Structure formats: structure tokens, C-alpha cells
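Undergrad: this is a predicted model, with the sequence first.
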Amino acid sequence: MTSARKSLFQDSVELQRLTLTQVTHKFLIRNLAENPIFIPVSRLTKYIDHSQLPQEYSGLWTYDHSRWIANRIEIEEFVKGAEHAVSATSKSTYEYGCQLLKAALSLRQSCKFLEDHTQSLKSCLNKAWDQLNSVGQEQLTRLRVSAVFYRNVKEQCNQLHELMDLAKCESLGSSRGKVRKLLANRERLLLEIGRMVRLGRLLKTRLREPLSSETTIDDMNETAVEAISEKLAEIALLAESLDKILCTNDVIKTQEKGSEISEWYSDSTSKVDKATGASTDLDE
């Protein structure tokens, strides 16, 4: 805006200078028209020898009245036409200069208004961009967490199905090593499920919150919250089904009371329940 103001000031100065020049030329033309010019002999002799000059009118030129009248008429017509043309040109230039001056003033006011408007618009755009960036980052974070949650829950459900199929296998009872491995995998898997349950609860809480302090949510993301609750209920049901299969399987109900495998299963179950915050309450 500083360069624009400088350009407007220079245009105004040039306009004033042009107006002054036109007025000066007009004054000189009128002065020349009123005062005839006579070339003195002293100036002519600088270029022409004194002996070559005629003697009439102090040696300026030979006098011929009819010729002088004709020349005077032509000169007067030419001078009047030139004066009229210069006067019209000066008037047009002056009017054009006034229009330029008015346009410069209007442009200066417009530049000032545009500068204030531009600053206000820039501030609003910066604020909107910061808000959009913040909301976008929050939304991307929620999407990443949701992707991790759904991917891990799906994988854990598949692992629970595999453990359930393995627990139903009749050949499992022939090897205590397989039983121990099955129970160890169950304990590890339930610990991971407990972490996913806590992540799901946290994700539901975050989804009910607005993306920023200046935005609101009409439906509180109920669709996404219900989907997470369904996943938590599904994985809880599978975990309970696995426990029921293990409890009713002859592998756990070994013939020897208080057997080592039965005691180890009961101990691992209590540890998993404490780590997950009670396996019977996997959802809110």
C-alpha cells in the first residue's frame, strides 16, 4: 500500500506540473500575438553581410504593401487558429487533469478502505485456518485411534475363535503341554483385550466431545459410539464363551482333584480379571 500511495502522490505532482506548463504556454502565445517581433539588423548581420540587405525599413526587407497585407492576413489567421487550438487543448488538458485528480483521490480513499478490509479479512482467514487445522488434527487422531481399535479387536476376535476351536479339540487332553500353551495364550490374549477395552471406553468418551471449543455436535456421534459398544460386547461375549468352554472341558476338569493345571487356570483367571478391571464388565 505504501508504493501505491507513493505512485498516487507522484501522479498528483505531475498533474500540477502539467497544468502550470499549459498555463505558461498559453500566456506566452498571447504575449507574442499582442507584441509583434522585429528582427534587428545587428542580429541579421551575424548571418548575412550588411551590403546584401535592402535599404528600406532600415535594411530589413523591400516593402510591398499588397504583399504585406496578404502576409499579415495569413499570419493573423494562422495565429488565431493556433491560439484557438492551444486554448482548446489547454482547456481539455485541464479538464482531463481534474478528472485524473478526482480519480486519484477516489483511488486513495479506496486503497485506504481496501487496506483496512484486507487486514480484517486476513485476520478472519488466519483464524479460520487455525481452527480448521486444529479440527483436522483432532479428527485425524480420532480416525487413527479408531483404526487401531477396530483392527486389533478384529484380530483378537479371530484369536478367540481359534482358541475356542482348539479348546473343543478332543486330542488336547493327551498333552499337558498343549493345555499349558492354550491357557498361556488365553491369559496373554485377555490382557490385550483388557487394553483394547480401556481404549474403546476412552475413544467413546472422546467421540462424544466436540472437535474444538467453538464447535458443537448435534448427535454426539451416537452412531460411532454404538458401533464401538457393539465391538466391545462382541469381544466380551467371545471371551465369556471361551471361559465356558474351558470350564466345561474335560481338560480342565482333570481326574485328579486340585491338579496342577486346574490350580494354574484359576490363578491365571484371577490375574486377568484384575488386569482388565473385571472380565464380567467389559462394556460400560
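TA: Looks like it arrived, so ask away.
Undergrad: contacting residues around the closest residue to Gln139 other than its chain neighbours?
TA: Of all residues not flanking Gln139 in the chain, Leu211 sits nearest, at 6.1 Å (CB to CB, 6 or more residues apart in numbering). In short, each C-beta sits where N, CA and C put it, glycine included. Taking CB atoms under 8 Å, 6 or more residues apart in numbering, we find Leu211 in contact with Ser134, Val135, Glu138, Gln139, Ile217.
Undergrad: residue ranges with poor pLDDT in the chain?
TA: 1-2, 28-68, 170-175, 217-219, 249-284 (pLDDT under 70).
Undergrad: just to revisit the earlier point, in strands, which of the contacts of Leu211 fall?
TA: Cross-referencing the contacts of Leu211 against strands under DSSP state E gives no overlap.
Undergrad: got those as JSON lines, with distance to His25 and neighbour count columns?
TA: JSON lines is the format used below for the contacts of Leu211 (distance: CB to CB, whole Å; neighbours: other CB atoms under 10 Å):
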{"residue": "Ser134", "distance to His25": "67", "neighbour count": "15"}
{"residue": "Val135", "distance to His25": "68", "neighbour count": "15"}
{"residue": "Glu138", "distance to His25": "73", "neighbour count": "16"}
{"residue": "Gln139", "distance to His25": "73", "neighbour count": "11"}
{"residue": "Ile217", "distance to His25": "77", "neighbour count": "12"}
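Undergrad: turn these into CSV, columns for distance to Lys231.
TA: Below are those laid out as CSV (distance: CB to CB, whole Å):
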residue, distance to Lys231
Ser134, 28
Val135, 26
Glu138, 22
Gln139, 20
Ile217, 21
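Undergrad: quick one: which of those sit in helices?
TA: Ser134, Val135, Glu138, Gln139 (DSSP state H).
Undergrad: residues touching the residue lying closest to the first one once chain neighbours are set aside, list them.
TA: Meaning Ser134. Nearest non-adjacent residue to Ser134, counting by CB to CB, 6+ apart: Ser212, 5.7 Å away. By CB under 8 Å, 6+ apart, Ser212 lies in contact with Gln131, Ser134, Val135, Glu138.
Undergrad: cool, and Leu160?
TA: By CB under 8 Å, 6+ apart, the residues touching Leu160 are Leu189, Ile235, Leu238, Ala239, Ser241, Leu242.
Undergrad: okay, the ones in helices among the contacts of Leu211 in JSON lines with distance to Phe113 next?
TA: Formatted as JSON lines, these follow (distance: CB to CB, whole Å):
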{"residue": "Ser134", "distance to Phe113": "32"}
{"residue": "Val135", "distance to Phe113": "33"}
{"residue": "Glu138", "distance to Phe113": "38"}
{"residue": "Gln139", "distance to Phe113": "38"}
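Undergrad: can you give the domain ranges for this protein?
TA: Using the TED database, the domain parsing of the chain gives 12-103, 137-251.
Undergrad: can you measure across the shortest one, start residue to end residue?
TA: To tie it back to what came earlier, the one meant is domain 12-103. 10 Å (CA to CA, to the nearest Å).
Undergrad: Leu211: which element?
TA: Per DSSP states H and E: Leu211 is located in neither a helix nor a strand.
Undergrad: check which residues of the helix or strand harbouring Cys247 are buried.
TA: For Cys247, the enclosing helix or strand under DSSP H and E is helix 222-248. Going by neighbour count (16 or more other CB atoms under 10 Å), the buried part of helix 222-248 is 224-225, 228, 231-232, 234-236, 238-239, 242-243, 245-246.
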